[in-house]
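Enquirer: Sharing a model prediction with you, sequence too.
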Amino acid sequence: MTDVTDGTGPAGPPSTLASGGRGVPDGMDPHSGRERVGFFTDTSVCIGCKACEVACKEWNAIPEDGMSLTGMSYDNTGALGASTWRHVAFVEQTRPAPEGRTELPLLGGRSGAGTASGGGEPQGAGVPGGATAQETVEGGSGGDIRWLMSSDVCKHCTHAACLDVCPTGALFRTEFGTVVVQEDVCNGCGYCVPACPYGVIEQRPDDGRAFKCTMCYDRLGAGQEPACAKACPTESIQFGPLDELRARAALRVDQLHEAGVTEARLYGEDPEDGVGGDGAFFLLLDEPEVYGLPPDPVVTTRDLPAMWKHAGVAALSLLGACGAAFVAAAVTGNTGRGRG
Amino acid sequence: MTSAESSLPRRADEGGRHGRHRRGGRRRGEQLMVPKAEFQSYYGRPVIKPPSWEARDIAGYFFLGGLAGGGSVLAAGAHLTGRASTAKAMKVSSLAAVSLSAAALVHDLGVPSRFYNMLRVAKPTSPMSVGSWLLAAYGPAAGAAAATAVTGRLPRTGALATGAAALLGPALASYTAVLAADTAVPAWHGVHRELPYLFVASATAASAGMALAVGPTRENAPARWAAGLAAVADVAVSQAAERRLGMVAQTWREGRAGTLLKTAKALTVGGAVTAAVLGRRSRIAAVAAGAALLAGSACTRFGVFAAGTASAEDPKYTVVPQRERLEAAKAKAETAATAAETEKG
């Protein structure tokens, strides 16, 4: 499955990092002149081991943020947040059985479901639908189960809304083209939180400041690859110069299409998309929203010139309307003096 | 495997609360439901993070900023036309409102002791940075205007400060709309064109309400006119905003936001009508009308805030409009391709 990466070798610290990326005109960070680096997460080889989540927590010393069971397949992490910078999503799907294949029922309906899930329906918090579950188990002889796994992360957008709206300058673009919060500057205004079109950055409740993936800024500085990519046992998470990753991803999609996996598609790799392309992009096997990703994210600061224009006109109309009110009062004979 | 199977329909069910999955195959049980917008999601989880802001602090700030900014304009008008007691009262009201709003902003910070970092940089791409500088300029002007009006000293400085506050006030009242709209929150960004007008209408209503409540009836004619204009604008812009939002308009019409926004309309229109009919003759009616206008403006801000939160918490409002946008772009591209081919052939 990973043979396509053989030509370029496993994702390791790219040599260009140390040399400042000279001679690579495309994908350079315009400010530092260094090569822009990123993640290519190939979800087709993700096995859901969560080594990335663990490595991230360990390396970045991220505090524990809840140990509850969600009832969402093997995903007890829930979502990206202030204290979760890698999140492995688990999606379970039924698909129609392939042409010409019939499936025999494996287990006897509800009793089987009970046994396999450890003596009872795993009805976790806020999980409805025992009845529907039975229905499918009883009648679900014609389908196949597909399990999608995907390790989500901050996208390190080319046009990053969080960075644009940050009023303190705590969020900044690094020399590697990544987006990082300076914890000693952030004052916890929370503006980046609803600004992010992916719902990545968040404030830590007991701390107040905003936190998110730094793409292991400290490790990059030392010429190392981020902890999650280092820990990934299947090279589902690949780190490297963005241009190289994009080329590798295009090859991988072609390879999958040839192998009959027609639903393979790239997400976030297009520099023409609403955020100017992601520094961390993905190979997905279904629509992005199935994984909890927005299908067409945009950086809202794109519309900021229009917004400022409307705000300016609105401000002038307030001035005009109040002026008109005084004129109208004068015209109708009320000068504010005399009459009581 | 069976555990996987048993948890499968949960996802369908989660999605089914909002709409049906598009993926074919299992159609059973669907006929009972009215088909809503079709979309898929990850266990019904929100795609974006809702604002972590406290409604009291931030919606309160939107209201107070509007009251202060609009009030400064009415204060300057009253100052110019010799409505001295209204002018003085409005200057004091604006100072009080801007002081409270600054306190609300600092209170809402995750690290309030670092509030001064707001003035560390000036960033036009950040409406909050622009707003911080606006507040930093407007606050002292409003303070000087109020101080000189109350003490009666330095009348020339007072006039200057009154003018400055009246010029900065409208910006303070309208920029908060950009602050909200420049986010991924569907119910806010979707109306980034309309929201500034709604916010200034609401600010005008609030400040006219304050002028009616604190000014003598013989001086309140401009406030009555302003209230009427604000009410008309408020209703018209709200309708335009809901039209623009499409399916996201549900968040403006339903739930807490719907209740607040409907109450806001009733209070604003009722206040403006009461002011127009009885505001000149009856002091009590003027005060009641003013209170209704103030409450209406507050309801508008809290309503818009609640709509934003509701739209962020349901993945439907993020996924469906984006999916529609993609489909529309695809259809457009296909039409263009077909047209090009026909031309060639």
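Expert: Done, it's in. Keep in mind that what you see is a predicted model, and the values were worked out from it rather than measured.
Enquirer: can we go C-alpha only for contacts and neighbour counts from here?
Expert: Will do.
Enquirer: how about the helices in the stretch 151-300 of chain B?
Expert: Listed in chain order, the helices of the stretch 151-300 of chain B (DSSP state H, counting those that start in this stretch) span B:155-181, B:186-189, B:195-214, B:221-245, B:250-253, B:255-278, B:283-313.
Enquirer: Need the winner for burial among the ones you listed.
Expert: For the helices of the stretch 151-300 of chain B, the largest average neighbour count (mean count of other Cα atoms under 10 Å in any protein chain shown) is found in helix B:195-214, namely a mean of 32.
Enquirer: tilt between that one and helix B:221-245?
Expert: Inter-element angle recorded for helix B:195-214 and helix B:221-245: 150 degrees (by axes from the mean of the first three to the mean of the last three Cα atoms, to 10 degrees).
Enquirer: Let me see the mean pLDDT of helix B:195-214.
Expert: Averaging pLDDT along helix B:195-214 yields 98.
Enquirer: just the CA coordinates of it, formatted as PDB?
Expert: The C-alpha trace of helix B:195-214 is given here as PDB (Å, rounded to 0.1, in the frame of the first residue of the first chain):
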ATOM      1  CA  LEU B 195     -25.400  43.100   9.200                       C
ATOM      2  CA  PRO B 196     -23.700  46.600   9.400                       C
ATOM      3  CA  TYR B 197     -27.000  48.200   8.400                       C
ATOM      4  CA  LEU B 198     -29.000  46.200  11.000                       C
ATOM      5  CA  PHE B 199     -26.500  47.100  13.700                       C
ATOM      6  CA  VAL B 200     -26.600  50.800  12.900                       C
ATOM      7  CA  ALA B 201     -30.400  50.700  12.800                       C
ATOM      8  CA  SER B 202     -30.300  49.000  16.200                       C
ATOM      9  CA  ALA B 203     -27.800  51.500  17.500                       C
ATOM     10  CA  THR B 204     -30.000  54.400  16.300                       C
ATOM     11  CA  ALA B 205     -33.000  52.800  18.000                       C
ATOM     12  CA  ALA B 206     -31.100  52.400  21.300                       C
ATOM     13  CA  SER B 207     -29.700  55.900  21.300                       C
ATOM     14  CA  ALA B 208     -33.000  57.500  20.300                       C
ATOM     15  CA  GLY B 209     -34.600  55.400  23.100                       C
ATOM     16  CA  MET B 210     -32.100  56.800  25.500                       C
ATOM     17  CA  ALA B 211     -32.700  60.300  24.300                       C
ATOM     18  CA  LEU B 212     -36.500  59.900  24.700                       C
ATOM     19  CA  ALA B 213     -36.000  58.400  28.200                       C
ATOM     20  CA  VAL B 214     -33.600  61.000  29.600                       C
END
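Enquirer: how far out from the middle of the chain is that helix?
Expert: 12 Å (Cα atoms, centre = their mean, to the nearest Å).
Enquirer: now for that helix, which elements pack on it?
Expert: Secondary-structure packing of helix B:195-214 (3 or more Cα pairs under 8 Å, 6 or more residues apart in numbering or on different chains; DSSP states H and E): helix A:304-331, helix B:55-80, helix B:84-108, helix B:155-181, helix B:221-245, helix B:255-278, helix B:283-313.
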